[in-house]
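1. Sequence and predicted structure, then a few things I'm wondering about:
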Amino acid sequence: MNRLVILCLFGLVAACNAPFAAASCWVPVPALSRIVFSTTQAGAPFQGTFHDYDGLVCMDAGGNSHIRVSVNTASVDTQLPELDTALRGPDFFDTRRWPQALFESESVRPMGQGRYRVTGKLTLRDVTHEVSVPFTFTPATDGNARLEGRLRLERLDYHIGLGQWADTRWVGNQVELTFSIVVKPAAGK
């Protein structure tokens, strides 16, 4: 009788954690997603978007979850061509030398009710720092899921904005990165 109860409880837990009963890996669907940054320029708020990125999100109830995201920094788009050219240049992202921003998780901790905290290494240009990002992971009825979260960082910590642009009167040091990423199951992962 005890085995039957244990099996039933295990089945209930597995059903509640169905997306993560075994490692479930997902890849982004950029056409349905957004990665947006916002800061200030000469005291006025402005924002931009990154259009080209890739990643792998593997969620596992056993604690082996991991997330890897790579962003093509040349895909920056502020709707201002002159600003976009400057952001791609050597004083900001220097996309010729460092074409990718990279995040690689070290841990993904469940916080309850579809909320998580991922901690890992964020590399921009030639600088890597550990960051911790709260996010939600919401499975959808179509088999996809959505990750949403927000990260605040200081651009000067990553050498973004050199020379005259290191003066925070022209470009704010605080940058907020928000993401709303639709992911679909990864084939063969």
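-> Nice, I can see it. Residues are numbered from 1 along each chain as shown.
2. Could you look up the SS state of the nearest residue to residue 163 once chain neighbours are set aside?
-> With sequence-adjacent residues excluded and distances taken as Cβ to Cβ, 6 or more residues apart in numbering, residue 163 is closest to residue 91, at 5.4 Å. Using the backbone N, CA and C atoms, a C-beta is placed for each residue, glycine as well. Here residue 91 is recorded as coil under DSSP: H, G, I helix; E, B strand; the rest coil.
3. Surely residue 91 touches residue 161?
-> Yes: with contact defined as Cβ atoms under 8 Å, residue 91 reaches residue 161; the gap is 6.4 Å.
4. how about the helices in this protein?
-> According to DSSP state H, the chain carries its helices in the segments 2-16, 81-88.
5. Specify which residue of residue 91 and residue 161 has the higher count of neighbours.
-> Neighbours per residue, other Cβ atoms under 10 Å: of residue 91 and residue 161, the larger number sits with residue 161, 23 against 17.
6. Report pLDDT for that one.
-> Here the pLDDT value assigned to residue 161 is 94.
7. ranking the helices of the chain by mean pLDDT, which is last?
-> Lowest mean pLDDT of those: helix 2-16, a mean of 34.
8. Dihedrals phi and psi, the closest residue to residue 164 other than its chain neighbours?
-> Once flanking residues are discounted, residue 164 sits nearest to residue 170: 7.0 Å by Cβ to Cβ, 6+ apart. Main-chain torsions, residue 170, degrees, to the nearest 10: phi -90, psi -40.
9. What about the closest residue to residue 131 other than its chain neighbours, how many residues nearby?
-> Of all residues not flanking residue 131 in the chain, residue 122 sits nearest, at 4.7 Å (Cβ to Cβ, 6+ apart). As a burial measure, residue 122 scores 20 neighbours (other Cβ under 10 Å).
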